[in-house]
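Enquirer: Quick one: sequence plus predicted model below, questions after.
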Amino acid sequence: MKKFSYLFLFILLLSEAACLRLDSNLYNLSEKITEYKLDNYTGTTDFRLDPSYKIQDSMIHRLTLDSKGPDDSKSYKIYALYLGDINRITTDTVIMYCHGNKWHMDFYWQRAKLLANVGVKHRYGVMMVDYRGYGLSEGSPTENGLYADVNAALQWLKEKGIQKNCLMLYGFSMGSAPATELTANPTVLTPAKLLLEAPFASAAVMVADGAALNMPGSFVTNLKIDNAEEIKKVKQPFFWIHGVNDNFLGINTHGEVVYKNYTGSYKEAHRINGADHGEVPAAFGFVNYLDAIEKFLVK
């Protein structure tokens with residue numbers, strides 16, 4: 001199972017650099033959807049929250065955005081969610097949540113909902129997108145597509161009037177790539193702070209971790225994603241959280257490297273004992289998790 005997980009994410013990251021064309025069904029695995037069900041989703045998730053974390057329907061906004069990166073010949077329709085009062089974006093702080101490599105936003109709904117409870121409910125707006133090829137979003141996943149799709153969400157926030165220093169980028173697992181890249185090299189908006197949960201150091205390290213994959217060397221040399229290098233450019237405050245027992249992106253070969261390479265204004269680390277890759281919020285305890293994030297955001 002571990003080798004399969006490495007292979008899956010490795011192929012995803014290589015899809016553009018190695019000029020591979022992969023059917024979006026591979027990325028969605030067995031989870032094809034025709035609509036987003038959110039709280040009514042009955043599939044697999046990392047955890048489920050109790051009713052006290054429920055978000056009012058009036059605070060859940062389903063959006064479609066046009067995403068077109070510098071290398072795209074056309075735009076792609078991607079799907080997004082905004083949790084909060086859209087009319088308050090001009091004064092609110094917003095957490096842009098970049099999800100991992102699994103399936104679609106329904107899988108990550110519990111995580112987005114949890115972040116909407118940082119501090120008091122709806123103190124912070126939360127935005128999430130399904131990258132191209134995920135969920136109902138058009139196209140197929142690529143490295144540059146990840147960046148373009150998150151930038152499309154940031155452009156929407158910009159048009160809604162988000163203020164300088166009010167954008168926080170949060171990247172989980174694969175989402176650490178667009179979160180780190182767009183903090184290190186901002187184009188639409190400059191994030192005020194960066195939060196990474198279970199980030200990977202680089203695709204090359206993934207290959208080293210999964211040496212039995214026996215991939216051609218050109219696959220490695222063509223890769224561009226390197227969080228451990230890009231984090232060196234980040235000057236904004238940095239929050240890192242990682243499971244000590246992460247069997248997908250090992251804390252020592254991935255998270256610790258990213259954390260060590262950061263030399264900006266402020267950083268803090270949370271190493272969660274007993275937590276595997278998707279278990280950090282639950283293993284830390286939801287109250288502790290939310291409290292740690294709130295203290296970092298207001299620092």
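Expert: Cool, got the structure.
Enquirer: Where does the prediction get shaky in the stretch 151-299 of the chain?
Expert: Across the stretch 151-299 of the chain, the ranges flagged by pLDDT under 70 are 206-223.
Enquirer: Which residue ranges of it form strands?
Expert: Ranges of strands in the stretch 151-299 of the chain, per DSSP state E, counting those that start in this stretch, are 167-172, 193-197, 238-243, 267-272.
Enquirer: Adding mean neighbour count, write those out as CSV.
Expert: Where you see a C-beta, it was placed from the backbone N, CA and C, and this is true even at glycine. Output for those, formatted as CSV (neighbours: other CB atoms under 10 Å):
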stretch, mean neighbour count
strand 167-172, 27
strand 193-197, 27
strand 238-243, 24
strand 267-272, 17
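Enquirer: can you redo those strands as JSON lines with distance to residue 120?
Expert: Below are the strands of the stretch 151-299 of the chain laid out as JSON lines (distance: least, CB to CB, whole Å):
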{"stretch": "strand 167-172", "distance to residue 120": "17"}
{"stretch": "strand 193-197", "distance to residue 120": "19"}
{"stretch": "strand 238-243", "distance to residue 120": "20"}
{"stretch": "strand 267-272", "distance to residue 120": "22"}
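Enquirer: Among those strands, which comes closest to residue 41?
Expert: Closest approach to residue 41 among those is made by strand 167-172 (17.8 Å; CB to CB).
Enquirer: That closest one packs against which elements?
Expert: Secondary structure elements in contact with strand 167-172, counted by 3 or more CB pairs under 8 Å, 6 or more residues apart in numbering; DSSP states H and E, are strand 93-98, helix 105-115, helix 176-184, strand 193-197.
Enquirer: out of the ones you listed, which comes closest to residue 233?
Expert: Comparing the helices and strands packed on strand 167-172 against residue 233 with CB to CB, the closest turns out to be helix 176-184 (3.9 Å).
Enquirer: what's the burial count for residue 265?
Expert: Number of residues near residue 265 (other CB atoms under 10 Å) recorded here: 11.
Enquirer: try residue 134
Expert: Other residues near residue 134 number 27, with proximity taken as other CB under 10 Å.
Enquirer: same check, this time on residue 47
Expert: Look at residue 47: counted by other CB under 10 Å, it has 14 neighbours.
Enquirer: Many thanks, have a good one.
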